[in-house]
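Peer 1: predicted model follows, preceded by the sequence.
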Amino acid sequence: MRRYDDPVEVRKGRVPGAGGPVEGPEQFLWKGWLWKVSAVLAHWVETGPWWQSREVAPVLGADQAADRAADQAAADPATAASVHDLLAEREVWRVEAGRGQIGTTGVFDLIFDWAHGSWRLSRCAD
(Lines give C-alpha, C1' and ligand atoms only; values in the text may rest on other atoms or scores of the structure.)
Protein backbone atom coordinates (compact mmCIF):
# COMPACT_ATOMS: atom_id res chain seq x y z
CA MET A 1 0.00 0.00 0.00
CA ARG A 2 1.20 3.49 -0.78
CA ARG A 3 1.05 6.08 1.99
CA TYR A 4 -0.61 9.46 1.65
CA ASP A 5 -1.74 12.27 3.91
CA ASP A 6 -4.24 13.88 1.57
CA PRO A 7 -7.43 15.68 2.56
CA VAL A 8 -10.60 14.14 1.11
CA GLU A 9 -14.25 15.09 1.08
CA VAL A 10 -16.45 12.24 2.28
CA ARG A 11 -20.16 11.63 1.97
CA LYS A 12 -21.48 9.10 4.46
CA GLY A 13 -24.30 6.62 3.87
CA ARG A 14 -25.23 2.93 4.06
CA VAL A 15 -22.57 0.69 2.53
CA PRO A 16 -22.03 -3.09 2.48
CA GLY A 17 -19.85 -4.39 5.30
CA ALA A 18 -18.67 -7.79 6.56
CA GLY A 19 -21.58 -8.10 9.02
CA GLY A 20 -24.17 -6.40 6.81
CA PRO A 21 -24.76 -2.78 5.81
CA VAL A 22 -23.06 -0.14 7.96
CA GLU A 23 -23.18 3.65 8.19
CA GLY A 24 -19.83 4.76 6.80
CA PRO A 25 -18.06 6.45 3.90
CA GLU A 26 -20.25 6.02 0.81
CA GLN A 27 -18.30 8.26 -1.60
CA PHE A 28 -15.17 10.35 -1.43
CA LEU A 29 -13.55 12.99 -3.58
CA TRP A 30 -9.78 12.62 -3.94
CA LYS A 31 -7.60 14.60 -6.35
CA GLY A 32 -10.62 15.64 -8.40
CA TRP A 33 -11.95 12.09 -8.80
CA LEU A 34 -15.17 10.78 -7.26
CA TRP A 35 -14.77 7.30 -5.75
CA LYS A 36 -17.81 5.17 -4.86
CA VAL A 37 -17.37 2.76 -1.96
CA SER A 38 -18.48 -0.78 -2.82
CA ALA A 39 -17.59 -2.36 0.55
CA VAL A 40 -16.25 -1.60 4.00
CA LEU A 41 -13.47 -4.13 4.56
CA ALA A 42 -12.58 -3.06 8.11
CA HIS A 43 -13.25 -0.31 10.63
CA TRP A 44 -11.32 0.50 13.81
CA VAL A 45 -10.51 3.33 16.21
CA GLU A 46 -6.96 4.47 16.99
CA THR A 47 -5.75 6.63 19.87
CA GLY A 48 -2.58 8.65 20.21
CA PRO A 49 0.45 7.23 22.08
CA TRP A 50 -1.01 7.84 25.55
CA TRP A 51 1.72 5.67 27.12
CA GLN A 52 4.30 8.37 26.26
CA SER A 53 2.57 11.14 28.20
CA ARG A 54 4.21 12.77 31.20
CA GLU A 55 1.21 11.89 33.36
CA VAL A 56 1.40 8.13 32.64
CA ALA A 57 5.19 7.70 32.86
CA PRO A 58 5.33 7.42 36.70
CA VAL A 59 2.66 4.71 36.62
CA LEU A 60 4.76 2.75 34.14
CA GLY A 61 7.89 3.17 36.29
CA ALA A 62 9.56 5.58 33.89
CA ASP A 63 10.13 8.52 36.26
CA GLN A 64 13.46 9.47 34.70
CA ALA A 65 11.97 9.42 31.21
CA ALA A 66 9.13 11.61 32.47
CA ASP A 67 11.63 14.08 33.94
CA ARG A 68 13.48 14.26 30.61
CA ALA A 69 10.18 14.78 28.76
CA ALA A 70 9.24 17.57 31.19
CA ASP A 71 12.63 19.23 30.70
CA GLN A 72 12.23 19.06 26.93
CA ALA A 73 8.69 20.43 27.12
CA ALA A 74 9.88 23.33 29.27
CA ALA A 75 12.66 24.08 26.78
CA ASP A 76 10.36 23.91 23.76
CA PRO A 77 6.62 24.10 24.62
CA ALA A 78 5.69 23.63 20.97
CA THR A 79 6.87 20.00 21.14
CA ALA A 80 5.04 19.12 24.35
CA ALA A 81 2.10 16.79 23.82
CA SER A 82 -0.94 17.36 25.96
CA VAL A 83 -3.06 14.59 27.37
CA HIS A 84 -5.87 15.82 25.13
CA ASP A 85 -3.67 15.35 22.05
CA LEU A 86 -2.51 11.92 23.16
CA LEU A 87 -6.02 10.67 23.80
CA ALA A 88 -7.46 12.03 20.56
CA GLU A 89 -9.26 9.32 18.67
CA ARG A 90 -9.52 8.81 14.99
CA GLU A 91 -11.61 6.36 13.04
CA VAL A 92 -10.03 4.34 10.26
CA TRP A 93 -12.20 2.94 7.50
CA ARG A 94 -10.60 0.45 5.08
CA VAL A 95 -12.83 0.47 2.02
CA GLU A 96 -12.93 -0.92 -1.46
CA ALA A 97 -13.92 1.77 -3.94
CA GLY A 98 -14.23 2.28 -7.67
CA ARG A 99 -14.16 5.23 -10.01
CA GLY A 100 -16.58 5.68 -12.89
CA GLN A 101 -17.34 3.20 -15.64
CA ILE A 102 -13.70 2.41 -16.46
CA GLY A 103 -13.40 -0.24 -13.75
CA THR A 104 -10.62 1.39 -11.74
CA THR A 105 -10.85 0.00 -8.20
CA GLY A 106 -8.68 0.03 -5.13
CA VAL A 107 -8.47 -0.39 -1.38
CA PHE A 108 -8.25 2.82 0.63
CA ASP A 109 -7.77 3.76 4.27
CA LEU A 110 -9.91 6.80 5.06
CA ILE A 111 -9.36 8.44 8.43
CA PHE A 112 -11.80 10.64 10.30
CA ASP A 113 -9.96 12.77 12.88
CA TRP A 114 -12.36 13.64 15.70
CA ALA A 115 -10.10 16.42 17.03
CA HIS A 116 -10.23 18.32 13.72
CA GLY A 117 -13.53 17.03 12.31
CA SER A 118 -11.87 16.24 8.99
CA TRP A 119 -11.20 13.30 6.66
CA ARG A 120 -7.85 12.22 5.18
CA LEU A 121 -6.73 9.45 2.89
CA SER A 122 -3.76 7.68 4.47
CA ARG A 123 -3.17 4.56 2.35
CA CYS A 124 -4.11 3.26 -1.06
CA ALA A 125 -3.61 0.00 -2.97
CA ASP A 126 -4.99 0.40 -6.47
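Peer 2: That came through fine.
Peer 1: state which strand of this protein is the longest.
Peer 2: With secondary structure taken from DSSP state E, the chain has its longest strand at strand 33-47.
Peer 1: and that one, what other elements does it pack with?
Peer 2: strand 9-15, strand 22-30, strand 89-99, strand 104-113 (3 or more CB pairs under 8 Å, 6 or more residues apart in numbering; DSSP states H and E). For every residue, glycine as well, the C-beta is placed using N, CA and C.
Peer 1: now render those strands as JSON lines, adding distance to His43.
Peer 2: Output for those, formatted as JSON lines (distance: least, CB to CB, whole Å):
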{"stretch": "strand 9-15", "distance to His43": "10"}
{"stretch": "strand 22-30", "distance to His43": "7"}
{"stretch": "strand 89-99", "distance to His43": "5"}
{"stretch": "strand 104-113", "distance to His43": "10"}
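Peer 1: indicate which one of these is closest to Glu55.
Peer 2: Using CB to CB as the measure, strand 89-99 is the one of the helices and strands packed on strand 33-47 that comes nearest Glu55, at 17.7 Å.
Peer 1: what average pLDDT does the closest one get?
Peer 2: Across strand 89-99, pLDDT averages out at 94.
Peer 1: got the contact list for the closest residue to Arg11 other than its chain neighbours?
Peer 2: Among residues not flanking Arg11 along the chain, Gln27 sits closest, at 4.6 Å (CB to CB, 6 or more residues apart in numbering). Gln27 sits next to Val10, Arg11, Gly13, Leu34, Trp35, Lys36, Val37 when contact means CB atoms under 8 Å, 6 or more residues apart in numbering.
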